[in-house]
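*Asks:* Sequence and computational prediction follow.
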Amino acid sequence: MYMAPSWDDLRIFLTLAREGTLTTAAKALGVSHPTVARRVQALEQQIGARLFERLPDRFVPTGAGEELLGDAEVMERAALSIDRRSAGLSDTVSGVVRLSAGEAMAAFLARHLPELRRKLNQIEFELTASHTLANLSRREADLLIREQVPDLAGIVARKLGRVAYAIYAHPDLAIARATPAALKAVPWIGFDDDHVYMPGQRWLQQKLDGARPAIRGNDWLVLHEAARAGAGFAILPCYLGDPDPGLRRVGTVIPEVFADQWLLVHRDLRALPRVRAVMDAVIDLFHRQRALLEGR
């Protein structure tokens, strides 16, 4: 009697097709290398067709594998939808909520975790600092805070507010006036070439006539630490620079440099009580901290 392949086996097939190697597929699935090989071989025997070409450095789907791939992706979308919707059936404000933000915003949230948890002590927080966009459909995160709203189906966005930026330096380095000549004469800390899209970096390049900062990094917190150590001047979000007694703001908020902050959630999860509770707490936090975020 014929039995249809199980979703577990198809999920392993799908992951190997995407990852290309047994090692990376096993890591993504959280299983052993031999388990992936054994389950794929069993699936091929069950279907009666070879699903992968075993090349020296990777697995490549055969024609039969390509055909199965489309159906497996449809099943995956259905399974993920069921997972999200079943999570939404819960009526308790408890459990885990995964929140992802850039490193500076994650640090801001971490600083305010006592407030966030005061009325949410039944909720466990998983706070992830990342530049990359976590996949809400796959529940890599329940909530995201980002500076842009991605053009993705199923995403609901709520604007939290606007973040201002200014120049900061160690008090011993600070200059009296932020004139163009003075700014060109001081050492600078900025982002590396892969991160020039970060707020303030294009503005800084213009002020330096295209020259690059002498010290470059890929993380707001690295720039923050280097500035407070006296390594140079840096453009930082005001919510990082203003509360730090080891830094002094140079000049005023830079009007041309700002970043809107958006709270993103998958539409299937926004009514989940624990997610809704954390959303409300984050929205309230941004409202109460608006002056700090805007550099006032």
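*Replies:* Cool, got the structure. Numbering: from 1, shown residues only.

*Asks:* which one is the residue positioned nearest the centre of the chain nearest to, not counting chain neighbours?
*Replies:* Centroid-nearest residue in the chain: Ser130, 3.9 Å away (criterion: Cα atoms, centre = their mean). Sequence neighbours aside, Ser100 is the residue nearest to Ser130 in space, at 5.7 Å (criterion: Cβ to Cβ, 6 or more residues apart in numbering). C-beta here means a position set from N, CA and C on the backbone, and glycine is covered the same way.

*Asks:* Let me know the pLDDT of that neighbour.
*Replies:* Looking at Ser100, its pLDDT is 89.

*Asks:* Contacts only, for it.
*Replies:* Taking Cβ atoms under 8 Å, 6 or more residues apart in numbering as the criterion, Ser100 is in contact with Ala106, Leu127, Thr128, Ala129, Ser130, Ala134, Glu140, Ala141, Leu143, Leu144, Ile145.

*Asks:* Among those residues, which lie within strands?
*Replies:* Leu127, Thr128, Ala129, Leu143, Leu144, Ile145 (DSSP state E).

*Asks:* List the buried residues in the helix or strand that contains the residue nearest to Ser130.
*Replies:* In the assignment (DSSP states H and E), Ser100 maps to strand 95-101. Neighbour counts over strand 95-101 (16 or more other Cβ atoms under 10 Å) mark Val97, Arg98, Leu99, Ser100, Ala101 as buried.

*Asks:* Bridge partners for the last one, pull those for me.
*Replies:* Each beta-bridge partner of Ala101 is listed here, defined by DSSP bridges: Ala129, Ile145.

*Asks:* Settle this for me: it is touching His131, isn't it.
*Replies:* No: with contact defined as Cβ atoms under 8 Å, Ala101 does not count as touching His131 (10.0 Å).

*Asks:* C-alpha coordinates for stretch 152-159, PDB please?
*Replies:* Extracted as PDB, the C-alpha positions of stretch 152-159 are listed here (Å, rounded to 0.1, in the frame of the first residue of the first chain):
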ATOM      1  CA  LEU A 152       6.600  41.400   2.100                       C
ATOM      2  CA  ALA A 153       3.200  39.900   2.100                       C
ATOM      3  CA  GLY A 154       1.600  39.400   5.500                       C
ATOM      4  CA  ILE A 155       3.600  42.100   7.300                       C
ATOM      5  CA  VAL A 156       1.800  44.700   9.500                       C
ATOM      6  CA  ALA A 157       3.800  47.800  10.300                       C
ATOM      7  CA  ARG A 158       3.300  50.400  13.100                       C
ATOM      8  CA  LYS A 159       5.500  53.500  13.200                       C
END
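
*Asks:* Count the residues that sit near the residue nearest to Asp244 when sequence neighbours are not counted.
*Replies:* Sequence neighbours aside, Arg228 is the residue nearest to Asp244 in space, at 6.1 Å (criterion: Cβ to Cβ, 6+ apart). For Arg228, the neighbour count with other Cβ atoms under 10 Å is 20.

*Asks:* Now do the phi/psi pair for Arg228.
*Replies:* phi -70, psi -20 (degrees, to the nearest 10).

*Asks:* mind listing what it touches?
*Replies:* Arg228 neighbours (Cβ under 8 Å, 6+ apart): His170, Asp244, Gly246, Leu247.

*Asks:* can you name the two of the residues you listed that are farthest apart?
*Replies:* Spatial extent of those (Cβ to Cβ) is set by the pair His170 and Asp244 at 10.2 Å.

*Asks:* So these two - more neighbours on which side?
*Replies:* Neighbours per residue (other Cβ under 10 Å) separate His170 from Asp244, with His170 holding more: 17 against 14.

*Asks:* Report the secondary structure state of the residue nearest to that one when sequence neighbours are not counted.
*Replies:* Distance criterion Cβ to Cβ, 6+ apart; nearest residue to His170, sequence neighbours excluded, is Gly230 at 3.9 Å. Put simply, Gly230 is coil when judged by DSSP: H, G, I helix; E, B strand; the rest coil.

*Asks:* contacting residues around Gly230?
*Replies:* Ala169, His170, Asp172, Leu173.

*Asks:* among these, who's most crowded?
*Replies:* Counting by other Cβ under 10 Å, top hit in these: Ala169 with 25 neighbours.

*Asks:* Beta-bridge partners for the residue lying closest to that one once chain neighbours are set aside, please?
*Replies:* Of all residues not flanking Ala169 in the chain, Phe233 sits nearest, at 4.5 Å (Cβ to Cβ, 6+ apart). With DSSP bridges as the criterion, Phe233 is bridged to Trp188.

*Asks:* so what's Phe233 scoring on pLDDT?
*Replies:* Reported pLDDT for Phe233: 94.
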